[in-house]
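Participant: fold the following and give me the result.
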Amino acid sequence: MSKLGTYISETKNELVNKVSWPTWPELQSSAIVVLISSIIIALVVWGMDWIFKILMEQAYDIIK
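Facilitator: Here you go, the predicted model:
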């Protein structure tokens, strides 16, 4: 049980004294980067899906 107490104490000490937390403006800019990246990736995946759908429809039309 003392190991658990030591672990919690050391974890709290590290989070309070050793971790550098981002400022609010840094956090906002990072969130914006993540949002824009997510939108771009979603659009790329949507475009690939759309192109694949068209190609598959043409392949099925040829088979008919």
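Participant: continuing past the helix or strand bottoming out on mean pLDDT in the chain, what's the next helix or strand?
Facilitator: Least confident helix or strand of the chain, by mean pLDDT, DSSP states H and E, is helix 2-17 with a mean of 93. Scanning forward in sequence from helix 2-17 by DSSP states H and E, the next helix or strand is helix 24-63.
Participant: any idea of the mean pLDDT for that following helix?
Facilitator: When pLDDT is averaged over helix 24-63, the result is 97.
Participant: how close does Glu14 get to Glu26?
Facilitator: 20 Å (Cβ to Cβ, to the nearest Å). The way it works is simple: take the backbone N, C-alpha and C, and place the C-beta from them, glycine included.
Participant: now swap in Ile41 and tell me
Facilitator: 22 Å.
Participant: give me the neighbour count for Asp49.
Facilitator: 10 (other Cβ atoms under 10 Å).
Participant: what's the answer for Trp50, then?
Facilitator: 10.
Participant: can you pull the contacts of it?
Facilitator: Trp50 sits next to no residue when contact means Cβ atoms under 8 Å, 6 or more residues apart in numbering.
Participant: before we move on, what about the one 3 residues further on?
Facilitator: When contacts are counted by Cβ under 8 Å, 6+ apart, Lys53 is found next to no other residue.
Participant: how far away is it from Ile8?
Facilitator: Distance of Lys53 to Ile8, given as Cβ to Cβ: 53 Å.
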